[in-house]
Every structure is written in structure tokens, then in C-alpha cells.
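A.B. asks: Sequence isn't available, so here's the structure alone:
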Ligand code: AHG
Ligand code: MN
Ligand code: MN
């Protein structure tokens, strides 16, 4: 058996020819995201030491301001992408507007990045796993000019790559360029992401459903009926409150993740660009499905604004189909042809 370790950088370069029109830029960009992930990982691992190092907002021993971790992650990712030379702009969950990046040394950059720098913010202070989610689009605007909002408002079907990093019991980076999904676990002893999960496929069904059951009474009737069904079927309920962690478990073990509309969030809570599209792309690449509560395929939703929210049901294909059947039965929605 061949036990040779394959690092993320090596893997990305080997797979370069699978990416349409790739000429090395996307490879470089993915590599830079890998570097940023290592930096964020280092800081996430230190988060438990905050009481010793100083709480967010205070100054640490070296006199630096201690930042909230989500803002730190945002800053580090932006820094790495700005220095990459391959990225024309960034739209981040943490920034109201997109950030255009000026070309380096007159070199045109073909890609823009959308990201949720730290997903699961309510879990940061209590040592529960959080993650980074990203998506990469080819820009639509002229590469010699500053990028525009149109570059970011592309449907998920236009994603050229998407991935996430989960800072969990171990740190894992999972990504796709549209030719399957692969996972790389960070070996902290050598500081490298090493190929650990090749060509990930989601089970057709699973034994878990993942939803904030506390909002049950705020969900529409069809959602409540479907959740009752999950409970009748004896599926286990798992809900971390970090979407990327919940979706990661489902990717490996099968199941369904739901974030329907509530009274507080009539459009759903999660963001189309930063969370739902990248994770939907990965799920579909692994054989899963992702739709909203109006039964539209997530990846086909036309974005109209950067911070647009969307409802979502994502996971094992047979379970998403089942959820769809409940919606068709109990709701008065016009089902897309
Ligand atoms: P973020 O931390 O990036 O703002 O995302 C929060 C998310 C998501 O990760 C999670 O699934 C969801 O919010 C949890 O929301 P509820 O607490 O309403 O269940
Ligand atoms: Mn998030
Ligand atoms: Mn976030």
C-alpha cells in the first residue's frame, strides 16, 4: 500500500488541468486560502487562552488590541487574498460592501471570492467548533478594471470552486472545483493540510436531522409536519449551531440540515452568497441536494444583494426529496417545473 502523504498544495497543482480555463491563478488562490486557514486555525486554537491573554477589546501583554475572533479571521483572510495577486475582490459576511483589490504589478486578476470568515460565532467563546466558508467566481467585469458588484451577484451554478475549513477536534479543509470533493486534515506537527478524505460521497440517507427545534412553533406547517416525520422515523436530532459543522457531519454520515423561515427571519437566516451557495455546491458535488423552502435549487437562485438571506434544506438526496414531498403535500407553493 502506498502511504505517501499528499499535501494540499501538491494535490491542487496535480488537479489543475481539471479546472476549466485554469492557468495557475485558481491554483494559487486556493493555496493562499489554505495559508490563511492555517493562520486562523492558530488563533482559534488560542481562543481558550483568552482569559490569560486578555479578553476581546482589551490590550494583550504585547500591547496589541485583542480582537474578536471573527473580525481577526476576516482581516487575515482579506490580507492573504490581497497579497495573493489572483483575487480582484472580496465580499465578506463581515463587511457591508465588497472590497475591490487593486491589481498587483499590472497583473489582471480573474477571480473574486465570497466568504464567511468565521461561521458559528455564538460558539467561539465556548470552545465549540467553528469554520470558514468560501466560494470563488470568475469575475464578469473587465479584468483590467476594478471589480463590480455584478461579479459577486452570480448564481451558485457559476462557482468555480468552493470550500470550508472546520476548526474542530482536528482542522479539516474540504473543497471542490466541480470534479468531486476532497478533504485535507491539518497535521499540526508539520503544519500541512494532508489528503485524508478522497472523493467524498454523501450517503443517500442518514439517521440525523439538524434544525433549531427551539423555533418549531415558528415554522410553517409543512416544515413542522416534516420535522414530526423525522421524529416519527426515530432520526436523531443533532444541532451544533455552526452551519458548517452540522453540514460537515451530514456530508460524512448522511442526514438533512434545515434552516427554514421563522417570524424573526421571514427569508431564512443564512446567507446565500457566503454560506448556502458554497455548501450547496460541495453537497451536490458529493451527491447531495440543496433547495430552499420554496423548493428552488439553491445554486439556481439569482442573487440580488450581497447579504441576501435564504431558507435551506441540504443533505442526503433521498431525505431532501422527502422534505420536498412534505412541502408539496402541506403547503400551497407553486412548485418549479
Ligand atoms: P455566523 O456565526 O457566521 O453569523 O453564522 C451563524 C449561523 C450558522 O452557522 C448557524 O447554523 C446558525 O447561525 C444558527 O442560528 P440559530 O442560533 O438561529 O439556530
Ligand atoms: Mn455563518
Ligand atoms: Mn460569520
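C.D. replies: Received the coordinates, thanks. Note that this is a predicted model, so its numbers are computed, not measured. Ligands and ions are numbered 1, 2, ... in the order given.

A.B. asks: Could you use CA atoms for every contact and neighbour count after this?
C.D. replies: Fine.

A.B. asks: Quick check: end-to-end length of stretch 266-277?
C.D. replies: By Cα to Cα, to the nearest Å, the extent of stretch 266-277 from end to end equals 19 Å.

A.B. asks: With stretch 265-275 instead?
C.D. replies: One end of stretch 265-275 to the other measures 16 Å (Cα to Cα).

A.B. asks: which residue packs closest to residue 327, ignoring adjacent ones?
C.D. replies: Once flanking residues are discounted, residue 327 sits nearest to residue 222: 5.2 Å by Cα to Cα, 6 or more residues apart in numbering.

A.B. asks: Show the contacting residues for the one you found.
C.D. replies: The neighbourhood of residue 222, defined by Cα atoms under 8 Å, 6 or more residues apart in numbering, consists of 326, 327, 329, 330, 331.

A.B. asks: let's see 6 Å
C.D. replies: By Cα atoms under 6 Å, 6 or more residues apart in numbering, the contact list for residue 222 reads 327, 330, 331.

A.B. asks: Also residue 35?
C.D. replies: With contacts taken as Cα under 6 Å, 6+ apart, residue 35 has no neighbouring residues.

A.B. asks: Now do it, the pLDDT please.
C.D. replies: The per-residue pLDDT reported for residue 35 equals 95.

A.B. asks: and what of the one 10 residues further on?
C.D. replies: pLDDT, residue 45: 86.

A.B. asks: how near is it to ligand 1?
C.D. replies: Residue 45 is 17 Å from ligand 1, where distance means Cα to the nearest ligand atom, to the nearest Å.

A.B. asks: number of nearby residues for that residue?
C.D. replies: Look at residue 45: counted by other Cα atoms under 10 Å, it has 13 neighbours.

A.B. asks: again with residue 217
C.D. replies: Residue 217: 12 surrounding residues under other Cα under 10 Å.

A.B. asks: how about the nearest residue to it, chain neighbours excluded?
C.D. replies: Leaving aside its sequence neighbours, residue 217 sits nearest to residue 224 (Cα to Cα, 6+ apart; 7.7 Å).

A.B. asks: which SSE is the one you found in?
C.D. replies: Taking DSSP states H and E as the definition, one finds residue 224 inside helix 221-232.

A.B. asks: By mean pLDDT, flag the weakest helix or strand of the protein.
C.D. replies: Using mean pLDDT, DSSP states H and E, the weakest-scoring helix or strand in the chain turns out to be helix 50-53, at a mean of 54.

A.B. asks: Report how many residues lie close to residue 41.
C.D. replies: Residues within reach of residue 41, counting by other Cα under 10 Å, total 23.

A.B. asks: near ligand 3, which residues of the stretch 201-337 of the chain?
C.D. replies: With the criterion set to Cα under 5 Å from the ion, the stretch 201-337 of the chain never comes near ligand 3.

A.B. asks: one step back: any idea which of the contacts of residue 222 is closest to ligand 3?
C.D. replies: Using Cα to the ion, residue 327 is the member of the contacts of residue 222 that lies nearest ligand 3, at 29.2 Å.

A.B. asks: SS state for the closest one?
C.D. replies: Taken by DSSP: H, G, I helix; E, B strand; the rest coil, the conformation at residue 327 corresponds to helix.

A.B. asks: Likewise for residue 169?
C.D. replies: Following three-state DSSP, we place residue 169 in the coil state.

A.B. asks: Ramachandran coordinates for it?
C.D. replies: Backbone torsions for residue 169, taken as degrees, to the nearest 10, come to phi -60, psi -40.

A.B. asks: now it, nearest residue through space, not along the chain?
C.D. replies: Nearest residue to residue 169, sequence neighbours excluded (Cα to Cα, 6+ apart): residue 129, at 7.7 Å.

A.B. asks: Also residue 202?
C.D. replies: Nearest residue to residue 202 in three dimensions, chain neighbours excluded: residue 251, at 5.1 Å (Cα to Cα, 6+ apart).

A.B. asks: how far is the helix or strand encompassing residue 322 from where the chain is centred?
C.D. replies: Assigned by DSSP H and E, residue 322 falls within helix 317-330. Here helix 317-330 is found 24 Å from its chain centre; the criterion is Cα atoms, centre = their mean, to the nearest Å.

A.B. asks: which helices and strands does it pack with?
C.D. replies: helix 221-232 (3 or more Cα pairs under 6 Å, 6 or more residues apart in numbering; DSSP states H and E).

A.B. asks: Give the next helix or strand downstream of the helix it packs on.
C.D. replies: Trace forward from helix 221-232 with DSSP H and E and the next one is strand 236-237.

A.B. asks: What mean pLDDT does the helix or strand following that next one get?
C.D. replies: For strand 236-237, the following helix or strand on the C-terminal side (DSSP H and E) is helix 243-253. What helix 243-253 shows for mean pLDDT is 98.

A.B. asks: coming back round to it: roughly how far does the residue nearest to residue 327 sit from residue 230?
C.D. replies: Computed as Cα to Cα, the residue 222 to residue 230 distance reads 13 Å.

A.B. asks: Could you tell me the end-to-end distance of stretch 138-154?
C.D. replies: End-to-end distance for stretch 138-154, by Cα to Cα: 9 Å.
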